[in-house]
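# Fold the stuff below for me.
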Amino acid sequence: MFDKGFPKGFLWGSSTNAQQFEGAWNEDGRGLSIADVRKIPGMPADSNFEGFKTASDYYHHFKEDIAYYGEMGFKIYRFSMSWSRIFPNGNDKEPNEKGLAFYDAMITELEKYNIQPVVTLYAYDMPLGLLKQYNGWMSRQCAVDYLRYVQTVVERFKGRVKYWVPFNEQNCLCTDAEYITGYKPKNKRELFQIEHNFNLAYAKATVLVHKIDPEAKIGGNLAGACAYPYTCNPCDVEAADRFNYSFGYAFADVFIRRKYSPLYLKPFEESDLSDIILNGDMDMIANAEPDFLSLTYYMSSAMKSIKDNEAYSAETTKLANPYCKQTEWGWNIDPYGFKHLLMDFYHRYQVPILVLENGIGHRDKLEKDGSINDDYRIEYLKSHIQRMKEAIEEGVDIIGYLTWSATDLYSTREGFEKRYGFVYVDKNDDLKRYPKKSFYWYKKVIATNGEDLGND
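Below is the predicted model of the structure:
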(Lines give C-alpha, C1' and ligand atoms only; values in the text may rest on other atoms or scores of the structure.)
Protein backbone atom coordinates (compact mmCIF):
# COMPACT_ATOMS: atom_id res chain seq x y z
CA MET A 1 0.00 0.00 0.00
CA PHE A 2 1.42 3.39 -1.04
CA ASP A 3 1.65 6.29 1.38
CA LYS A 4 -0.49 9.34 0.67
CA GLY A 5 0.91 12.79 0.02
CA PHE A 6 4.45 13.98 -0.48
CA PRO A 7 7.19 12.01 1.28
CA LYS A 8 8.99 13.41 4.30
CA GLY A 9 12.05 15.34 3.17
CA PHE A 10 10.59 16.20 -0.25
CA LEU A 11 12.63 19.07 -1.71
CA TRP A 12 10.65 22.20 -2.67
CA GLY A 13 12.22 25.17 -4.41
CA SER A 14 12.60 27.11 -7.63
CA SER A 15 15.04 27.79 -10.47
CA THR A 16 16.91 30.48 -12.40
CA ASN A 17 19.64 30.55 -15.07
CA ALA A 18 22.72 32.76 -15.12
CA GLN A 19 22.27 34.15 -18.64
CA GLN A 20 18.70 35.25 -17.90
CA PHE A 21 19.23 36.46 -14.35
CA GLU A 22 22.73 37.46 -13.26
CA GLY A 23 23.53 40.50 -15.37
CA ALA A 24 26.92 42.13 -14.57
CA TRP A 25 28.07 40.99 -17.99
CA ASN A 26 31.36 42.89 -17.92
CA GLU A 27 32.17 43.05 -14.20
CA ASP A 28 34.87 41.42 -12.09
CA GLY A 29 36.65 39.79 -14.99
CA ARG A 30 33.73 38.02 -16.61
CA GLY A 31 34.21 37.38 -20.32
CA LEU A 32 31.64 37.67 -23.08
CA SER A 33 29.26 34.79 -23.70
CA ILE A 34 27.06 34.14 -26.71
CA ALA A 35 24.12 35.45 -24.65
CA ASP A 36 25.76 38.89 -24.48
CA VAL A 37 25.83 39.29 -28.25
CA ARG A 38 22.71 37.29 -29.15
CA LYS A 39 20.25 38.95 -31.51
CA ILE A 40 16.75 37.51 -31.40
CA PRO A 41 14.29 38.48 -34.16
CA GLY A 42 11.04 39.78 -32.71
CA MET A 43 12.40 40.44 -29.23
CA PRO A 44 10.48 43.47 -27.89
CA ALA A 45 12.46 46.65 -27.50
CA ASP A 46 13.33 47.48 -23.90
CA SER A 47 14.97 50.83 -23.25
CA ASN A 48 15.88 49.98 -19.64
CA PHE A 49 17.37 46.54 -20.28
CA GLU A 50 19.94 45.52 -22.83
CA GLY A 51 18.93 41.93 -23.06
CA PHE A 52 20.85 39.44 -21.03
CA LYS A 53 23.60 41.92 -20.17
CA THR A 54 21.59 43.40 -17.31
CA ALA A 55 18.74 40.90 -16.90
CA SER A 56 17.55 41.03 -13.25
CA ASP A 57 20.99 42.09 -11.96
CA TYR A 58 21.05 39.19 -9.52
CA TYR A 59 24.82 39.69 -9.29
CA HIS A 60 24.20 42.76 -7.13
CA HIS A 61 20.93 41.58 -5.55
CA PHE A 62 21.70 37.96 -4.63
CA LYS A 63 21.54 38.49 -0.86
CA GLU A 64 18.17 40.20 -1.15
CA ASP A 65 16.83 37.54 -3.51
CA ILE A 66 18.08 34.62 -1.41
CA ALA A 67 16.52 36.20 1.67
CA TYR A 68 13.18 35.99 -0.15
CA TYR A 69 13.86 32.33 -0.92
CA GLY A 70 14.66 31.75 2.73
CA GLU A 71 11.41 33.44 3.73
CA MET A 72 9.47 31.16 1.39
CA GLY A 73 11.17 28.17 2.98
CA PHE A 74 12.99 26.78 -0.07
CA LYS A 75 14.71 23.45 0.54
CA ILE A 76 16.61 23.64 -2.76
CA TYR A 77 17.44 26.35 -5.28
CA ARG A 78 18.63 25.61 -8.78
CA PHE A 79 20.87 28.08 -10.59
CA SER A 80 23.40 27.81 -13.37
CA MET A 81 27.00 28.92 -13.23
CA SER A 82 28.36 31.17 -15.96
CA TRP A 83 31.33 29.45 -17.59
CA SER A 84 32.68 32.80 -18.81
CA ARG A 85 32.58 34.17 -15.26
CA ILE A 86 34.96 31.38 -14.22
CA PHE A 87 37.05 31.24 -17.42
CA PRO A 88 36.52 34.54 -19.27
CA ASN A 89 37.67 33.15 -22.61
CA GLY A 90 36.56 29.61 -21.92
CA ASN A 91 40.06 28.12 -21.73
CA ASP A 92 42.23 30.58 -19.78
CA LYS A 93 45.31 29.24 -18.02
CA GLU A 94 43.88 30.09 -14.61
CA PRO A 95 40.28 30.56 -13.43
CA ASN A 96 38.97 34.00 -12.55
CA GLU A 97 39.05 34.08 -8.77
CA LYS A 98 36.46 36.86 -8.57
CA GLY A 99 34.02 34.70 -10.49
CA LEU A 100 34.57 31.77 -8.14
CA ALA A 101 34.25 34.13 -5.17
CA PHE A 102 30.82 35.23 -6.37
CA TYR A 103 29.47 31.69 -6.39
CA ASP A 104 31.22 31.00 -3.08
CA ALA A 105 29.43 33.97 -1.50
CA MET A 106 26.16 32.93 -3.09
CA ILE A 107 26.37 29.35 -1.79
CA THR A 108 27.32 30.69 1.63
CA GLU A 109 24.16 32.79 1.59
CA LEU A 110 22.08 29.75 0.63
CA GLU A 111 23.65 27.79 3.49
CA LYS A 112 22.58 30.56 5.86
CA TYR A 113 18.95 29.65 5.08
CA ASN A 114 19.57 25.86 4.87
CA ILE A 115 18.86 25.86 1.14
CA GLN A 116 20.66 23.18 -0.88
CA PRO A 117 22.06 24.36 -4.21
CA VAL A 118 21.30 22.50 -7.44
CA VAL A 119 23.82 23.61 -10.06
CA THR A 120 23.41 23.44 -13.82
CA LEU A 121 26.84 23.76 -15.40
CA TYR A 122 25.83 25.03 -18.85
CA ALA A 123 22.68 26.86 -19.89
CA TYR A 124 22.98 28.46 -23.32
CA ASP A 125 25.93 30.72 -22.53
CA MET A 126 28.98 29.41 -24.37
CA PRO A 127 32.04 31.64 -23.80
CA LEU A 128 32.26 33.73 -26.95
CA GLY A 129 36.01 33.16 -27.16
CA LEU A 130 35.55 29.45 -27.83
CA LEU A 131 32.97 30.11 -30.54
CA LYS A 132 35.50 32.36 -32.28
CA GLN A 133 38.43 29.99 -31.76
CA TYR A 134 36.94 26.74 -33.04
CA ASN A 135 33.16 27.12 -33.54
CA GLY A 136 32.48 26.03 -29.99
CA TRP A 137 30.68 22.70 -29.70
CA MET A 138 31.52 21.79 -33.29
CA SER A 139 34.96 20.88 -31.95
CA ARG A 140 35.85 18.02 -29.60
CA GLN A 141 38.19 20.50 -27.90
CA CYS A 142 35.10 22.21 -26.49
CA ALA A 143 34.37 19.14 -24.36
CA VAL A 144 37.97 19.23 -23.09
CA ASP A 145 37.68 22.90 -22.10
CA TYR A 146 34.24 22.32 -20.58
CA LEU A 147 35.58 19.46 -18.43
CA ARG A 148 38.33 21.71 -17.09
CA TYR A 149 35.70 24.24 -16.06
CA VAL A 150 33.61 21.46 -14.48
CA GLN A 151 36.60 20.12 -12.54
CA THR A 152 37.41 23.61 -11.28
CA VAL A 153 33.96 24.32 -9.83
CA VAL A 154 33.27 20.81 -8.50
CA GLU A 155 36.61 20.77 -6.66
CA ARG A 156 35.97 24.27 -5.33
CA PHE A 157 32.48 23.45 -4.01
CA LYS A 158 32.95 19.81 -3.06
CA GLY A 159 30.66 18.87 -0.19
CA ARG A 160 28.63 22.06 -0.56
CA VAL A 161 26.76 21.19 -3.77
CA LYS A 162 24.96 17.85 -3.70
CA TYR A 163 23.13 18.02 -7.04
CA TRP A 164 24.79 18.75 -10.39
CA VAL A 165 23.24 18.89 -13.89
CA PRO A 166 25.73 19.05 -16.80
CA PHE A 167 23.50 20.77 -19.39
CA ASN A 168 20.15 22.53 -19.49
CA GLU A 169 17.51 20.84 -21.70
CA GLN A 170 20.10 18.96 -23.74
CA ASN A 171 17.50 17.46 -26.07
CA CYS A 172 16.63 20.93 -27.41
CA LEU A 173 19.81 20.72 -29.47
CA CYS A 174 17.85 18.90 -32.15
CA THR A 175 15.51 21.88 -32.64
CA ASP A 176 17.42 24.92 -31.34
CA ALA A 177 21.15 24.28 -31.72
CA GLU A 178 22.05 27.83 -32.77
CA TYR A 179 20.47 29.37 -29.66
CA ILE A 180 22.10 26.84 -27.35
CA THR A 181 25.58 26.87 -28.90
CA GLY A 182 25.92 30.06 -30.92
CA TYR A 183 26.64 28.03 -34.08
CA LYS A 184 24.07 27.14 -36.73
CA PRO A 185 24.71 23.63 -38.09
CA LYS A 186 24.72 23.52 -41.88
CA ASN A 187 23.29 20.02 -42.14
CA LYS A 188 22.30 16.96 -40.11
CA ARG A 189 25.86 15.70 -39.97
CA GLU A 190 27.02 18.88 -38.25
CA LEU A 191 24.06 18.67 -35.88
CA PHE A 192 25.12 15.16 -34.89
CA GLN A 193 28.70 16.37 -34.42
CA ILE A 194 27.48 18.98 -31.93
CA GLU A 195 25.20 16.51 -30.14
CA HIS A 196 27.96 13.90 -29.92
CA ASN A 197 30.36 16.40 -28.35
CA PHE A 198 27.67 17.32 -25.82
CA ASN A 199 27.03 13.66 -25.06
CA LEU A 200 30.73 13.00 -24.52
CA ALA A 201 30.98 16.05 -22.26
CA TYR A 202 27.89 14.93 -20.32
CA ALA A 203 29.32 11.44 -19.82
CA LYS A 204 32.76 12.67 -18.80
CA ALA A 205 31.26 15.23 -16.42
CA THR A 206 29.17 12.50 -14.78
CA VAL A 207 32.25 10.34 -14.19
CA LEU A 208 34.30 13.33 -13.04
CA VAL A 209 31.76 14.57 -10.49
CA HIS A 210 31.49 11.09 -8.94
CA LYS A 211 35.29 10.85 -8.80
CA ILE A 212 35.81 14.24 -7.14
CA ASP A 213 32.85 14.03 -4.76
CA PRO A 214 31.43 10.51 -4.27
CA GLU A 215 28.60 11.96 -2.15
CA ALA A 216 27.36 14.23 -4.94
CA LYS A 217 24.51 13.35 -7.31
CA ILE A 218 24.42 14.11 -11.02
CA GLY A 219 21.92 13.57 -13.83
CA GLY A 220 21.00 14.73 -17.31
CA ASN A 221 18.17 17.13 -18.09
CA LEU A 222 15.44 16.94 -20.72
CA ALA A 223 12.83 19.44 -21.81
CA GLY A 224 9.60 17.55 -21.22
CA ALA A 225 8.33 15.77 -24.29
CA CYS A 226 4.62 15.05 -23.89
CA ALA A 227 2.91 14.94 -27.26
CA TYR A 228 -0.62 13.78 -27.99
CA PRO A 229 -1.94 12.94 -31.45
CA TYR A 230 -4.23 15.75 -32.60
CA THR A 231 -6.79 13.16 -33.73
CA CYS A 232 -7.03 9.38 -33.73
CA ASN A 233 -5.90 9.38 -37.37
CA PRO A 234 -2.91 6.98 -37.38
CA CYS A 235 -0.86 9.62 -39.19
CA ASP A 236 -1.34 12.00 -36.26
CA VAL A 237 -0.58 9.18 -33.81
CA GLU A 238 2.63 8.52 -35.71
CA ALA A 239 3.51 12.22 -35.57
CA ALA A 240 3.12 12.20 -31.78
CA ASP A 241 5.08 8.98 -31.45
CA ARG A 242 7.88 10.28 -33.65
CA PHE A 243 8.15 13.41 -31.54
CA ASN A 244 8.16 11.56 -28.21
CA TYR A 245 10.69 9.05 -29.49
CA SER A 246 13.13 11.44 -31.14
CA PHE A 247 12.85 14.39 -28.73
CA GLY A 248 12.43 12.45 -25.49
CA TYR A 249 13.34 8.78 -25.32
CA ALA A 250 16.28 8.99 -27.73
CA PHE A 251 18.11 11.43 -25.45
CA ALA A 252 17.05 9.67 -22.25
CA ASP A 253 18.50 6.48 -23.72
CA VAL A 254 21.88 8.24 -23.84
CA PHE A 255 21.57 9.33 -20.19
CA ILE A 256 20.07 6.19 -18.65
CA ARG A 257 20.78 3.28 -21.03
CA ARG A 258 24.11 4.88 -21.91
CA LYS A 259 24.09 4.19 -25.61
CA TYR A 260 22.88 5.50 -28.95
CA SER A 261 19.65 3.70 -29.69
CA PRO A 262 18.30 3.28 -33.23
CA LEU A 263 15.81 6.01 -32.25
CA TYR A 264 18.70 8.43 -31.74
CA LEU A 265 20.62 7.53 -34.89
CA LYS A 266 17.72 7.28 -37.34
CA PRO A 267 17.63 11.01 -38.28
CA PHE A 268 21.32 10.75 -39.22
CA GLU A 269 21.19 7.46 -41.15
CA GLU A 270 22.18 9.11 -44.42
CA SER A 271 25.25 10.77 -42.87
CA ASP A 272 28.72 9.27 -42.57
CA LEU A 273 29.51 9.46 -38.85
CA SER A 274 32.68 7.32 -38.92
CA ASP A 275 35.03 10.22 -38.26
CA ILE A 276 32.78 11.69 -35.53
CA ILE A 277 32.23 8.63 -33.31
CA LEU A 278 35.82 7.64 -32.53
CA ASN A 279 37.19 4.55 -30.84
CA GLY A 280 36.44 4.67 -27.13
CA ASP A 281 33.64 7.21 -27.37
CA MET A 282 30.83 4.76 -26.77
CA ASP A 283 32.76 3.19 -23.89
CA MET A 284 32.94 6.61 -22.27
CA ILE A 285 29.19 7.11 -22.66
CA ALA A 286 28.61 3.61 -21.26
CA ASN A 287 30.69 4.43 -18.17
CA ALA A 288 28.50 7.37 -17.11
CA GLU A 289 26.12 6.26 -14.35
CA PRO A 290 23.55 8.96 -13.49
CA ASP A 291 21.88 9.25 -10.10
CA PHE A 292 18.65 10.82 -11.37
CA LEU A 293 16.91 12.21 -14.44
CA SER A 294 15.82 15.85 -14.36
CA LEU A 295 12.84 17.05 -16.37
CA THR A 296 11.38 20.42 -17.24
CA TYR A 297 7.70 20.75 -18.14
CA TYR A 298 5.53 23.66 -19.24
CA MET A 299 3.02 22.30 -21.73
CA SER A 300 1.87 19.34 -23.74
CA SER A 301 1.69 19.35 -27.53
CA ALA A 302 -1.03 18.24 -29.95
CA MET A 303 0.68 16.81 -33.02
CA LYS A 304 -0.59 16.76 -36.59
CA SER A 305 1.06 15.00 -39.47
CA ILE A 306 2.13 17.47 -42.14
CA LYS A 307 2.44 14.88 -44.89
CA ASP A 308 1.97 11.16 -45.00
CA ASN A 309 5.72 10.71 -45.27
CA GLU A 310 6.64 13.42 -42.77
CA ALA A 311 5.15 12.47 -39.44
CA TYR A 312 7.06 14.91 -37.28
CA SER A 313 8.08 18.52 -37.62
CA ALA A 314 9.18 21.01 -34.95
CA GLU A 315 6.63 23.50 -36.31
CA THR A 316 3.78 21.30 -35.12
CA THR A 317 4.72 21.28 -31.42
CA LYS A 318 2.68 24.36 -30.45
CA LEU A 319 -0.65 23.59 -32.05
CA ALA A 320 -3.53 24.70 -29.86
CA ASN A 321 -5.20 21.76 -28.16
CA PRO A 322 -8.96 22.44 -28.28
CA TYR A 323 -9.36 20.71 -24.90
CA CYS A 324 -6.81 22.93 -23.11
CA LYS A 325 -6.50 26.63 -22.38
CA GLN A 326 -3.47 28.36 -23.87
CA THR A 327 -1.19 31.08 -22.58
CA GLU A 328 -0.79 34.30 -24.50
CA TRP A 329 2.25 32.71 -26.15
CA GLY A 330 0.33 29.66 -27.33
CA TRP A 331 1.50 27.14 -24.73
CA ASN A 332 -1.12 24.52 -23.83
CA ILE A 333 -1.91 24.53 -20.09
CA ASP A 334 -2.18 20.84 -19.29
CA PRO A 335 -1.64 19.53 -15.74
CA TYR A 336 -2.36 15.96 -16.79
CA GLY A 337 0.42 16.22 -19.36
CA PHE A 338 2.78 16.79 -16.42
CA LYS A 339 1.61 13.63 -14.67
CA HIS A 340 1.78 11.71 -17.94
CA LEU A 341 5.39 12.83 -18.43
CA LEU A 342 6.41 11.83 -14.90
CA MET A 343 4.69 8.45 -15.11
CA ASP A 344 6.04 7.78 -18.59
CA PHE A 345 9.71 8.52 -17.91
CA TYR A 346 9.81 6.95 -14.46
CA HIS A 347 8.21 3.67 -15.45
CA ARG A 348 10.31 3.51 -18.62
CA TYR A 349 13.68 4.22 -16.99
CA GLN A 350 13.21 3.45 -13.26
CA VAL A 351 15.47 6.22 -11.96
CA PRO A 352 14.53 9.01 -9.50
CA ILE A 353 13.25 12.21 -11.10
CA LEU A 354 14.07 15.80 -10.17
CA VAL A 355 11.62 18.32 -11.62
CA LEU A 356 13.96 21.14 -12.65
CA GLU A 357 11.45 23.63 -14.08
CA ASN A 358 7.66 24.04 -14.17
CA GLY A 359 5.76 27.31 -14.48
CA ILE A 360 3.65 29.74 -16.47
CA GLY A 361 4.67 32.94 -18.22
CA HIS A 362 2.31 35.90 -17.93
CA ARG A 363 2.20 39.71 -18.11
CA ASP A 364 2.06 40.56 -14.41
CA LYS A 365 0.71 43.92 -13.26
CA LEU A 366 2.27 45.89 -10.41
CA GLU A 367 -0.55 47.65 -8.56
CA LYS A 368 -0.16 51.09 -6.95
CA ASP A 369 0.02 49.49 -3.49
CA GLY A 370 2.91 47.23 -4.57
CA SER A 371 0.82 44.06 -4.87
CA ILE A 372 0.82 41.63 -7.80
CA ASN A 373 -2.28 39.48 -7.97
CA ASP A 374 -1.11 36.50 -9.99
CA ASP A 375 -3.94 34.06 -9.27
CA TYR A 376 -3.38 32.49 -12.71
CA ARG A 377 0.11 31.42 -11.58
CA ILE A 378 -1.25 29.97 -8.35
CA GLU A 379 -3.89 28.03 -10.28
CA TYR A 380 -1.32 26.70 -12.77
CA LEU A 381 1.12 25.56 -10.08
CA LYS A 382 -1.62 24.20 -7.84
CA SER A 383 -3.05 22.02 -10.59
CA HIS A 384 0.38 20.74 -11.60
CA ILE A 385 1.41 19.99 -8.01
CA GLN A 386 -1.83 18.05 -7.53
CA ARG A 387 -1.00 15.93 -10.56
CA MET A 388 2.58 15.43 -9.36
CA LYS A 389 1.20 14.24 -6.01
CA GLU A 390 -0.94 11.68 -7.85
CA ALA A 391 2.13 10.43 -9.70
CA ILE A 392 4.03 10.02 -6.42
CA GLU A 393 1.12 8.15 -4.85
CA GLU A 394 1.10 5.87 -7.91
CA GLY A 395 4.73 4.94 -7.45
CA VAL A 396 6.87 7.60 -9.14
CA ASP A 397 10.07 8.41 -7.20
CA ILE A 398 10.44 12.21 -7.29
CA ILE A 399 13.31 13.85 -5.38
CA GLY A 400 11.99 17.39 -5.50
CA TYR A 401 10.09 20.06 -7.39
CA LEU A 402 11.57 23.29 -8.71
CA THR A 403 9.35 25.91 -10.32
CA TRP A 404 10.38 28.37 -13.00
CA SER A 405 11.27 30.87 -11.87
CA ALA A 406 12.15 32.05 -8.37
CA THR A 407 12.34 35.74 -9.32
CA ASP A 408 11.34 37.45 -12.57
CA LEU A 409 14.07 37.17 -15.15
CA TYR A 410 14.75 37.93 -18.78
CA SER A 411 12.78 35.39 -20.77
CA THR A 412 14.72 33.85 -23.63
CA ARG A 413 12.69 35.40 -26.44
CA GLU A 414 10.18 37.75 -24.85
CA GLY A 415 12.33 39.73 -22.43
CA PHE A 416 10.49 41.10 -19.39
CA GLU A 417 7.14 41.03 -21.16
CA LYS A 418 6.80 37.41 -20.07
CA ARG A 419 7.24 36.84 -16.33
CA TYR A 420 7.45 33.64 -14.32
CA GLY A 421 8.69 34.50 -10.82
CA PHE A 422 7.31 34.64 -7.29
CA VAL A 423 9.11 37.97 -6.90
CA TYR A 424 8.42 40.87 -9.28
CA VAL A 425 11.32 42.91 -10.68
CA ASP A 426 10.35 46.49 -11.50
CA LYS A 427 12.36 47.45 -14.57
CA ASN A 428 11.09 51.03 -14.26
CA ASP A 429 12.26 51.60 -10.68
CA ASP A 430 15.87 50.53 -10.22
CA LEU A 431 15.01 46.80 -10.30
CA LYS A 432 13.07 47.00 -7.06
CA ARG A 433 11.69 43.64 -5.88
CA TYR A 434 8.07 42.95 -4.83
CA PRO A 435 6.72 39.60 -3.56
CA LYS A 436 3.68 38.50 -5.55
CA LYS A 437 0.54 36.84 -4.23
CA SER A 438 2.00 33.50 -5.39
CA PHE A 439 5.00 34.12 -3.11
CA TYR A 440 2.85 33.76 0.00
CA TRP A 441 0.90 30.86 -1.51
CA TYR A 442 4.06 28.85 -2.28
CA LYS A 443 5.41 29.61 1.18
CA LYS A 444 2.33 27.87 2.61
CA VAL A 445 2.68 24.95 0.20
CA ILE A 446 6.26 24.36 1.34
CA ALA A 447 5.44 24.77 5.03
CA THR A 448 2.74 22.07 4.77
CA ASN A 449 4.79 19.80 2.48
CA GLY A 450 2.22 20.17 -0.27
CA GLU A 451 -0.83 19.46 1.88
CA ASP A 452 -2.30 22.98 1.75
CA LEU A 453 -2.75 24.08 -1.85
CA GLY A 454 -5.57 26.48 -1.11
CA ASN A 455 -5.73 30.02 -2.46
CA ASP A 456 -6.96 32.00 0.54
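# Could you list the buried residues of the top helix by length along the chain?
Ranked by residue count and defined by DSSP state H, the top helix of the chain is helix 188-212. By neighbour count on 16 or more other CB atoms under 10 Å, the buried set for helix 188-212 is 190-206, 208-210. To be clear about C-beta, it is placed using only N, CA and C from the backbone, and glycine gets the same treatment.
# Contacts only, for Tyr68.
Taking CB atoms under 8 Å, 6 or more residues apart in numbering as the criterion, Tyr68 is in contact with 406-407, 422-423, 433, 435, 439.
# What distance do you get for it to Asp429?
Counting by CB to CB, to the nearest Å, the gap from Tyr68 to Asp429 is 17 Å.
# likewise Leu295?
36 Å.
# ok, now Asn244?
With distances taken as CB to CB, Asn244 is found 45 Å from Asp429.
# so which strand or helix has the nearest residue to Asn135 once chain neighbours are set aside?
Leaving aside its chain neighbours, Asn135 sits nearest to Tyr183 (5.2 Å; criterion: CB to CB, 6 or more residues apart in numbering). Using DSSP states H and E, Tyr183 maps to neither a helix nor a strand.
# Please name the residues that touch Tyr183.
Taking CB under 8 Å, 6+ apart as the contact definition, Tyr183 lies against 131, 135-138, 177, 194.
# Do I have it right that Tyr349 meets Leu293?
Yes - assessed by CB atoms under 8 Å, Tyr349 is found in contact with Leu293 at 6.3 Å.
# neighbour-wise, which of those two wins?
More crowded of Tyr349 and Leu293, by other CB atoms under 10 Å: Leu293, with 23 against 17.
# is the more buried one in a bridge, and if so with what?
Listed by DSSP bridges, the beta-bridge partners for Leu293 are Ile353.
# measure it to Val254 for me?
Leu293 is 11 Å from Val254, by CB to CB.
# what residues are shared contacts of those two?
Counting by CB under 8 Å, 6+ apart, the residues touching both Leu293 and Val254 are Gly220.
# so Ala67 is in which element?
helix 58-72.
# and Asn244 and Asp429? which has more neighbours close in?
It is Asn244, of Asn244 and Asp429, that has more neighbours when counted by other CB under 10 Å, with 21 against 10.
# residues touching that one, list them.
Here Asn244 is in contact with 225-227 (CB under 8 Å, 6+ apart).
# need those residues in TSV with secondary structure and neighbour count, can you?
Shown next, in TSV, are these (DSSP: H, G, I helix; E, B strand; the rest coil; neighbours: other CB atoms under 10 Å):
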residue	secondary structure	neighbour count
Ala225	coil	25
Cys226	coil	25
Ala227	strand	23
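# Any idea which of those the model trusts least?
Within the contacts of Asn244, pLDDT reaches its minimum at Ala225, with 76.
# Count the neighbours of the residue nearest to that residue when sequence neighbours are not counted for me.
Spatial nearest neighbour of Ala225, chain neighbours left out: Gly248 (3.2 Å); criterion: CB to CB, 6+ apart. When neighbours are counted by other CB under 10 Å, Gly248 registers 23.
# wait, doesn't Gly248 sit right on Asp241?
No - Gly248 is beyond contact range of Asp241, at 10.6 Å (criterion: CB under 8 Å).
# and the gap between Arg257 and Tyr420?
Separation of Arg257 from Tyr420 (CB to CB): 33 Å.
# and if you look at Ala391?
Distance, Ala391 to Tyr420, using CB to CB: 22 Å.
# And the two? Which one has more around it.
Using other CB under 10 Å as the criterion, Ala391 and Tyr420 rank with Tyr420 on top: 26 against 21.
# So which residue is dead centre in the chain?
By CA atoms, centre = their mean, the chain has its centre lying nearest to Asn168, at 4.3 Å.
# Make sure I have this right: it is in a strand.
No - using DSSP: H, G, I helix; E, B strand; the rest coil, the secondary structure at Asn168 is coil, not a strand.
# who are the neighbours in contact with it?
Residues near Asn168 by CB under 8 Å, 6+ apart: 17, 80, 120, 122-124, 221.
# Where do the helices of the stretch 301-450 of the chain begin and end?
For the stretch 301-450 of the chain, applying DSSP state H, counting those that start in this stretch gives helices covering 335-349, 375-393, 437-447.
# Could you check the angle the shortest one makes with helix 375-393?
In this case it means helix 437-447. With axes from the mean of the first three to the mean of the last three CA atoms, to 10 degrees as the basis, helix 437-447 and helix 375-393 are set at 20 degrees to each other.
# Show residues contacting helix 437-447.
12, 14, 68, 71-75, 371-375, 377-378, 381-382, 385, 403, 422-423, 452-455.
# Are we agreed that Gly13 is in a helix?
No - with three-state DSSP as the criterion, Gly13 is assigned strand and is not in a helix.
# Please tell me how far it sits from Glu178.
31 Å.
# Val254 now?
Counting by CB to CB, the separation of Val254 from Glu178 is 21 Å.
# Of those two, which one has the most company?
More neighbours surround Val254 than the other of Val254 and Glu178, with 24 against 13 (other CB under 10 Å).
# The more buried one touches Leu265, doesn't it?
No - counting by CB under 8 Å, Val254 sits too far from Leu265 to count as a contact (10.9 Å).
# Pull the number of nearby residues for His347.
12.
# cool, and Leu278?
Look at Leu278: counted by other CB under 10 Å, it has 12 neighbours.
# hmm, back to that, mind checking how far the residue nearest to Asn135 is from Glu190?
From Tyr183 over to Glu190 the distance is 8 Å, taken as CB to CB.
# With Asp3 instead?
49 Å.
# ditto for Trp329
From Trp329 across to Glu190, the span is 30 Å (CB to CB).
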